[in-house]
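J.: after the sequence you'll find the predicted model.
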Amino acid sequence: MLTKTFGSAVQGVNAYTITIEVVVSQGTNFYVVGLPDNAIKESQQRIEAALKCRGYRMPRTKVVVNMAPADIRKEGSSYDLPIALGILHGSQQLNTERLSEYIIMGELALDGALRPIRGVLPIAIQARKEGFKGFILPKENAREAAIVNNLDIIAVESMQEAIDFFEGRLAIEPTVLDTRDIFQQEANQYAADFADVQGQENIKRALEIAAAGGHNVIMIGPPGAGKTMLAKRLPTILPPLNMLEALETTKIHSVAGKLGSNASLLGNRPFRAPHHTISDVALVGGGSNPQPGEISLAHNGVLFLDELPEFKRTVLEVMRQPLEERRVTISRAKVSIDFPANFMLIASMNPCPCGYYNHPEKECVCGPGVVQRYLNKVSGPLLDRIDLHVEVTPVTFDQMTETRKSETSHDIQQRVEKARTVQTKRFAEVPDIFSNAMMPPQMVKDICQINPAGRALLKTAMERLGLSARAYDRILKVARTIADLAGAQDIQIEHLAEAIQYRSLDREGWAG
C-alpha cells in the first residue's frame, strides 16, 4: 500500500516541500532512499522503539521510504514523525485520509515523545504558500510557527497525540498568536541603556551619528576605557525593528537553531559579539549543509568585533564583500545559497600591544615600529569600509562620580529616527539603499554637495592632517548624516568640521 506524507527541508533561509512516500509490501528489510543523511537512516531504530513503546508494531515485511525530490540531499532527524505516520498508515494501523493536508515534522524520542526542531518559521511560510491546511509539529516550536497566519498550527507532545488527532479521538485547537501585539510588547526592550554611561559624551555623539546614518565604527582606546560597554548599548538607539525586518531576522535565527523553545517573533535588533578565535566559516557561514554565520545572525543589527587586530587576517578579509553587498553567497558543487547580512560593524581595538599608546597618564612601553605593525594587522581595504574612527579615552574619577543624569537611549533614539526618516524620503526611489552609509560614489557627488568654504576646509584638512584619498567620500557621508541630525538642508562647514575629526587612523604618522 502506498502512503504519502509531507515534510519540509530548509535550504538557506527558505524551505521546500519534501514528499515522503512509504510502501509496505511483501519481502524483508527497511530501506530509506532519496539521498538521506545518516540521521535519517538511523530513524528506523527511533521509530521502531517509539512504535513498540506506544503499543504499535513495526512491519516485519519490506518497507521502502522514498524522499522526493530524490536528487536533493535531506538532513536531520526532524523527518521521524512523518515517516512513522506513513509506516503506520501503510501497514493499516492508522486510519485517516487527512495525512496529505498537513506538513508534519518532529524528532522522535524512544518513548514516542517529540523533541523540538529548527527552521520552523520558513517551513510554516512555505506550507501556507503551497496551500496546506496546517502544520503538525512539536509543542516547543508552536509559538514560532504561529507567527504565520492562515495556517493551522497543531502542536503535539508525542507521536500518540498526532495519531489520535488524525483518527479523530483528540481535538487539538490550533495555536494562535496575535503577532502584532506580541511584537509591540517585546519590541525595543533592552536591559542596557546609555543612561548608565557616565562621561564619554564624544563617544556617545559618534555612536548617535553612526546609528543615524548606518555607518560602521571603530573605537581605539586603552583597556578599561568603556569600548565594549558603549558598543553593547548601540542597538538601544537604533530605530526599532519593523515587522518585515523582524520576520527576516527571526527566519535566520530559526534556521540556525538560536531561537530556543517557546520563542516567537524577535522584537529587538540582534547584537552578536564573536570571540577573536572564530573561524572564517563560522563568521560568514558555510558547512556541508550551509548554515548562517555570525554576520547573518547580526542581520538588521550589530556585529561587534572586540580586539580587532587579534582576529585572523583571513577572517577579517572575508567580511569585505558582505560589507559592500549586504549579503553573503555560500557556493557548493550543487547549490549556491544567499544569506542576508545587512549589519552595522562596530569594532574596538587597543592602540598598541600594551594598550597605552596616546594614554593621558600611563606610558606606552612598546618599542619603535611596534605600534605601526600592530595597526597594520587591520588591512586598509577593511578600514576603507569603516566610516568613523573614534578615539576613546578613560573616564576620570570626577566623571564617574558625577550625579547628573546622563541622556537615555530613548532620547537619543528619537533623534536617530528623525534622521532616518529624512533618509527614507531621500532614497525612496532608489532600490536597496536605505541610509547614507549605503550611498555609492556617484550618489555621494550628487547628494553631498558642499559650498566653497566647506571645500576649502576639506582641502586644508586633507593636506595638513595627511588624510588619505579614501577618507574623502567617508567624510562627506558622515557630514550628510550630521546635517540630517541637525535638520539642515545642506551640509554646512560645522558639519564637515565634525566629520573630519572621525578619521583618526587615516592621518599620516598617527602611530608615530
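T.: Looks like it arrived, so ask away.
J.: pLDDT below threshold where in the stretch 401-512 of the chain?
T.: Counting by pLDDT under 70, the ranges of the stretch 401-512 of the chain that qualify are 401, 403, 469-470, 506-512.
J.: how about the stretch 251-400 of the chain?
T.: Short version for the stretch 251-400 of the chain, where the test is pLDDT under 70: 397-400.
J.: for it, which segments are assigned as strands?
T.: With DSSP state E, counting those that start in this stretch as the criterion, the stretch 251-400 of the chain has strands at 271-272, 285-286, 291-292, 302-305, 327-331, 336-340, 344-349, 388-391.
J.: care to break this protein down by domain?
T.: When the chain is parsed with automatic domain parsing, its domains come out as 2-166, 186-403.
J.: can I get those domains in TSV including mean neighbour count?
T.: Backbone N, C-alpha and C define where each C-beta goes, glycine included. Listed next are the domains of the chain as TSV, based on neighbours: other Cβ atoms under 10 Å:
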stretch	mean neighbour count
domain 2-166	20
domain 186-403	18
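J.: any idea which of the ones you listed gets closest to residue 172?
T.: domain 2-166 (5.2 Å; Cβ to Cβ).
J.: pull up the distance across that closest one, start to finish.
T.: Distance across domain 2-166, first residue to last, is 18 Å (Cα to Cα, to the nearest Å).
J.: do the same with stretch 424-432
T.: End residues of stretch 424-432 are separated by 11 Å (Cα to Cα).
J.: which residues sit against that stretch?
T.: Under the contact criterion Cβ atoms under 8 Å, 6 or more residues apart in numbering, stretch 424-432 has outside partners 326, 433-435, 438, 443, 447.
J.: residue 137: what secondary structure?
T.: strand (DSSP: H, G, I helix; E, B strand; the rest coil).
J.: go ahead and confirm it touches residue 154.
T.: Yes - between residue 137 and residue 154 there is a contact under Cβ atoms under 8 Å: 7.5 Å.
J.: one step back: possible to save the strands of the stretch 251-400 of the chain as CSV with distance to residue 143?
T.: Listed next are these as CSV, based on distance: least, Cβ to Cβ, whole Å:
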stretch, distance to residue 143
strand 271-272, 22
strand 285-286, 26
strand 291-292, 21
strand 302-305, 26
strand 327-331, 28
strand 336-340, 23
strand 344-349, 29
strand 388-391, 39
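J.: for residue 209, find the nearest of the ones you listed.
T.: Nearest to residue 209, of all the strands of the stretch 251-400 of the chain, is strand 388-391, at 6.8 Å by Cβ to Cβ.
J.: so what's the gap between the closest one and the chain middle?
T.: 25 Å (Cα atoms, centre = their mean, to the nearest Å).
J.: give me the residues contacting that strand.
T.: Outside strand 388-391, the residues that touch it by Cβ under 8 Å, 6+ apart are 202-203, 206, 209-210, 215-221, 358, 383, 478, 502-506.
J.: what about these, which are in strands?
T.: Using DSSP state E, the subset of the contacts of strand 388-391 located in strands is 217-220.
J.: centre-most residue in this structure?
T.: residue 297 (2.2 Å; Cα atoms, centre = their mean).
J.: so what touches stretch 105-117?
T.: If you take Cβ under 8 Å, 6+ apart as the criterion, stretch 105-117 is touched by 7-8, 43, 46-47, 49-51, 53-54, 76-82, 84, 120, 123, 135-141, 156-160, 162, 261.
J.: swap the cut-off to 6 Å and go again
T.: For stretch 105-117, contacts defined as Cβ atoms under 6 Å, 6 or more residues apart in numbering pick out 7, 46, 49-50, 53-54, 77-78, 80-81, 137-138, 140-141, 158-160, 261.
J.: strands - which of the residues you listed land there?
T.: Members of the contacts of stretch 105-117 lying in strands (criterion: DSSP E): 7, 137-138.
J.: let me know the helix or strand that residue 174 is in.
T.: Element membership of residue 174, judged by DSSP states H and E, is empty: it is in no helix or strand.
J.: got the contact list for it?
T.: Contacts for residue 174 were tallied using Cβ under 6 Å, 6+ apart; they are 152-153.
J.: could you do residue 500 as well?
T.: Contact analysis of residue 500 by Cβ under 6 Å, 6+ apart lists 461, 475.
J.: distance check, it against residue 291.
T.: 42 Å (Cβ to Cβ, to the nearest Å).
J.: cool, residue 363 as well?
T.: Taken as Cβ to Cβ, the span from residue 363 to residue 291 is 47 Å.
J.: now the ones in strands among the contacts of strand 388-391 in a markdown table, with distance to residue 376 and pLDDT?
T.: Below are these laid out as a markdown table (distance: Cβ to Cβ, whole Å; pLDDT from 0 to 100):
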| residue | distance to residue 376 | pLDDT |
| --- | --- | --- |
| 217 | 20 | 95 |
| 218 | 14 | 94 |
| 219 | 18 | 93 |
| 220 | 14 | 92 |
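J.: most widely separated two among those residues?
T.: 217 and 220 (10.5 Å).
J.: the longest strand in the chain is where?
T.: The chain, longest strand under DSSP E: strand 14-25.
J.: and the very next helix or strand once past that strand, what does it pack against?
T.: Moving toward the C-terminus from strand 14-25, the next helix or strand (DSSP H and E) is strand 30-33. Taking 3 or more Cβ pairs under 6 Å, 6 or more residues apart in numbering; DSSP states H and E as contact, the helices and strands that strand 30-33 lies on are strand 62-68.
J.: swap the cut-off to 8 Å and go again
T.: helix 43-53, strand 62-68 (3 or more Cβ pairs under 8 Å, 6 or more residues apart in numbering; DSSP states H and E).
J.: report the distance from the longest one to the chain centre.
T.: The offset between the C-alpha centroid of helix 43-53 and the centroid of the whole chain comes to 37 Å, using Cα atoms, centre = their mean.
J.: what comes into contact with it?
T.: Contact with helix 43-53 is made by 30, 32, 57-58, 77, 79-80, 83-84, 87-88, 107-112, 159, as judged by Cβ under 8 Å, 6+ apart.
J.: quick one on the thing from earlier: quick check, nearest of the contacts of stretch 424-432 to residue 190?
T.: residue 435 (21.0 Å).
J.: how about that closest one: what's its closest non-neighbour residue?
T.: Excluding its sequence neighbours, the residue lying closest to residue 435 (Cβ to Cβ, 6 or more residues apart in numbering) is residue 214, at 3.4 Å.
J.: quick check, pLDDT for that neighbour.
T.: At residue 214, the model reports a pLDDT of 94.
J.: ok, it - contacts?
T.: The contact partners of residue 214, by Cβ under 8 Å, 6+ apart, come to 344, 434-438.
J.: from those residues, which is closest to residue 39?
T.: Ranked by distance to residue 39 (Cβ to Cβ), the contacts of residue 214 are led by residue 344 at 36.6 Å.
J.: the closest one reaches residue 237, doesn't it?
T.: No - because the distance of 11.2 Å does not satisfy Cβ under 8 Å, residue 344 is recorded as not touching residue 237.
J.: got any residues that touch both of the two?
T.: Both residue 344 and residue 237 are in contact with residue 211, where contact means Cβ under 8 Å, 6+ apart.
J.: a markdown table for the helices and strands packed on strand 30-33, including distance to residue 473?
T.: Formatted as a markdown table, those follow (distance: least, Cβ to Cβ, whole Å):
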| stretch | distance to residue 473 |
| --- | --- |
| helix 43-53 | 56 |
| strand 62-68 | 52 |
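J.: could you dump the ones you listed to JSON lines with distance to residue 352 and mean pLDDT?
T.: As requested, the helices and strands packed on strand 30-33 are arranged in JSON lines below (distance: least, Cβ to Cβ, whole Å; pLDDT from 0 to 100):
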{"stretch": "helix 43-53", "distance to residue 352": "56", "mean pLDDT": "94"}
{"stretch": "strand 62-68", "distance to residue 352": "57", "mean pLDDT": "95"}
